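Peer 1: Sequence first, then the predicted structure:
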Amino acid sequence: MYYSLHYEHGSFVDDREPSRYVKHIQGEVREYVDDDGNEEPIGRFSVYIVDGAAALNEGESLFDVFDMSSSLFSCYQELYGRDEDLKRKVLRAMKTDMTFDSGVLILDRLELIPSRRGRGAGLQILRWMEHQFRMGCGVVVLKPFPLQFEGGTPEERGADEDDRDFKRLELGGYERRFDVALRKLQRHYAKLGFAKVPGTPYMVADPQRRLPRLDPLEWIPGDRHFEEADNVSNFGIGARKAA
C-alpha cells in the first residue's frame with residue numbers, strides 16, 4: 001500500500017509571543033487507491049515542532065515556549081532540567097551523551113480509520129512522519145496512551161451514546177486493562193527505536209539514528225479491508241487489539 005501526508009501550516013507575521021517558536025502541523029493521511037494516482041482520506045495526524053535553537057539564540061526561555069499549552073508544558077517538565085537541557089535519563093534512553101540540535105519533534109497524534117489498521121501501516125506512517133519533520137531536532141518524543149481510555153474507561157465510553165469517536169473508531173474490541181494496553185503500545189513503538197524515559201509517560205528516540213527498516217506493505221488492488229491487528233491510531237493516544 002502507498003500512503004501520503006497532506007497538510008497546510010499558517011503563522012502570524014511578526015508574532016512576538018514565545019509560541020512563535022512552535023509549529024503545530026495538522027493534516028490528513030491519504031491512501032492511493034489505484035494506478036492513476038487517485039487518493040482517499042484514511043486518517044489524520046498532528047505533530048509539534050519546537051525550534052529550541054532559535055528561541056535560545058534570541059534569549060527566549062524554553063519554559064515560556066513550552067508554556068503555550070498544558071500538554072507541551074508537561075513534556076517540558078518531564079524531560080528538561082532547570083538548566084533547560086535534556087535530563088540525563090532522557091539522554092540515556094536515547095543512548096547518547098549529548099545532542100547537537102535543540103529542536104524537539106513531538107509526534108502528537110495519528111488516527112487511522114478501522115478498516116486501514118493492520119499490516120504495520122501505522123508504524124510505516126509514523127516512521128515517515130519522523131522522516132519528514134525531524135530536521136533541526138535533537139530529540140523525537142511521543143506519549144503512548146491507549147485511545148480506548150481517552151475520556152473514561154472503555155465500559156463508560158461504550159455506554160455513552162454521545163461518544164462518537166469511540167464508535168467511529170470501533171474501540172470497543174480493544175484491550176480493557178489499561179496497564180496491559182499501555183505495555184503493548186510501548187512494545188509497538190519500540191520497533192521504531194523509541195525507548196521509555198524512566199519515571200515519565202514519554203518515549204524518546206534520537207533523530208540522528210538510522211531509522212529502522214520495516215517490511216514493505218503489500219499492495220493488493222481491490223483489497224480495502226485489513227485485519228485489525230497492529231492498530232496505531234494516535235500518539236499521545238493509541239490502541240492495540242485485545243489478545
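Peer 2: On my side now, so go ahead. Owing to the predicted nature of the structure, the values given are computational and were not obtained by experimental measurement.
Peer 1: Could you report the neighbour count for residue 196?
Peer 2: Neighbourhood size, residue 196 [other Cβ atoms under 10 Å]: 15. Just so you know, the C-beta spots here come from the backbone N, C-alpha and C atoms, and that holds for glycine as well.
Peer 1: give me phi/psi at it?
Peer 2: phi -70, psi 140 (degrees, to the nearest 10).
Peer 1: so how far is residue 209 from the residue lying closest to it once chain neighbours are set aside?
Peer 2: Spatial nearest neighbour of residue 196, excluding adjacent residues (Cβ to Cβ, 6 or more residues apart in numbering): residue 203 at 5.3 Å. Taking Cβ to Cβ, to the nearest Å as the measure, residue 203 falls 14 Å from residue 209.
Peer 1: So what's the predicted local confidence for the spatially most central residue of the chain?
Peer 2: Nearest residue to the geometric centre of the chain (Cα atoms, centre = their mean): residue 107, 3.0 Å. pLDDT, residue 107: 97.
Peer 1: thought it was touching residue 144?
Peer 2: No. Counting by Cβ atoms under 8 Å, residue 107 stays clear of residue 144, with 10.3 Å between them.
Peer 1: pretty sure residue 123 is touching residue 188, no?
Peer 2: Yes. The pair residue 123 / residue 188 is scored as a contact, 7.3 Å apart, by Cβ under 8 Å.
Peer 1: Tell me which residue of the protein is furthest from the middle?
Peer 2: residue 36 (30.3 Å).
Peer 1: and that residue, which of the three is it?
Peer 2: coil (DSSP: H, G, I helix; E, B strand; the rest coil).
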